[in-house]
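>>> Here you go, sequence then predicted model.
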Amino acid sequence: MAVLPPLPNLQAFEAVARRKSFALAAAKLHLTASAVSHQVARLESYLGIRLFERSAHGVRITTAGESYLARIQGAISAITAASMDV
């Protein structure tokens, strides 16, 4: 049975994917861009895939990243809603 990836890594990935920026995701999460980048790198290592292509011109989500985002967004939204309802 697979183990759930660390939630901070998932949150960092989702924030970067939505904002298409490590800096903007970092501001949202109250972290440094470096910390967000490290969390995403740990998730990529855990999954064994590249979720983003990084360049001097910014960041672009990969096809695998888009697919993964589509599958986890509902779960993240459900956890957020449940937490707000408590």
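Good, I have the coordinates. The structure displayed is predicted, hence computed values, not measured ones. Residues are numbered from 1 along each chain as shown.
>>> helix or strand for the most centrally placed residue in the chain, which one?
Geometric centre of the chain, nearest residue: Phe13, 0.7 Å, by C-alpha atoms, centre = their mean. For Phe13, the enclosing helix or strand under DSSP states H and E is helix 7-19.
>>> Sketch out the low-pLDDT regions of the protein for me.
Counting by pLDDT under 70, the chain contains low-confidence ranges at 1-2.
>>> remind me, longest helix of it?
Counting residues, the longest helix found in the chain (DSSP state H) is helix 63-85.
>>> Tell me which residues are up against it.
Here helix 63-85 makes contact (C-beta atoms under 8 Å, 6 or more residues apart in numbering) with Leu10, Gln11, Phe13, Glu14, Ala17, Leu47, Ile49, Arg50, Leu51, Phe52, Ile61. To be clear about C-beta, it is placed using only N, CA and C from the backbone, and glycine gets the same treatment.
>>> So the third one is in contact with Leu51, correct?
Yes - in this structure Phe13 lies within contact range of Leu51 using C-beta atoms under 8 Å: 6.0 Å.
>>> residues shared between the contacts of the two?
Val40, Leu43, Gly65, Tyr68.
>>> Can you report how many residues neighbour the last one?
This points to Tyr68. 20 (other C-beta atoms under 10 Å).
>>> Distance of it relative to His38?
As judged by C-beta to C-beta, to the nearest Å, Tyr68 and His38 stand 18 Å apart.
>>> one step back: for PyMOL, what selects the buried ones among the contacts of helix 63-85?
Here is the PyMOL selection string for the buried members of the contacts of helix 63-85, based on 16 or more other C-beta atoms under 10 Å:
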select buried, resi 10+11+13+14+17+51+52+61
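>>> Adding distance to Ala78, write the contacts of helix 63-85 out as JSON lines.
Converted to JSON lines, those look like this (distance: C-beta to C-beta, whole Å):
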{"residue": "Leu10", "distance to Ala78": "13"}
{"residue": "Gln11", "distance to Ala78": "14"}
{"residue": "Phe13", "distance to Ala78": "17"}
{"residue": "Glu14", "distance to Ala78": "13"}
{"residue": "Ala17", "distance to Ala78": "17"}
{"residue": "Leu47", "distance to Ala78": "21"}
{"residue": "Ile49", "distance to Ala78": "24"}
{"residue": "Arg50", "distance to Ala78": "27"}
{"residue": "Leu51", "distance to Ala78": "21"}
{"residue": "Phe52", "distance to Ala78": "24"}
{"residue": "Ile61", "distance to Ala78": "22"}
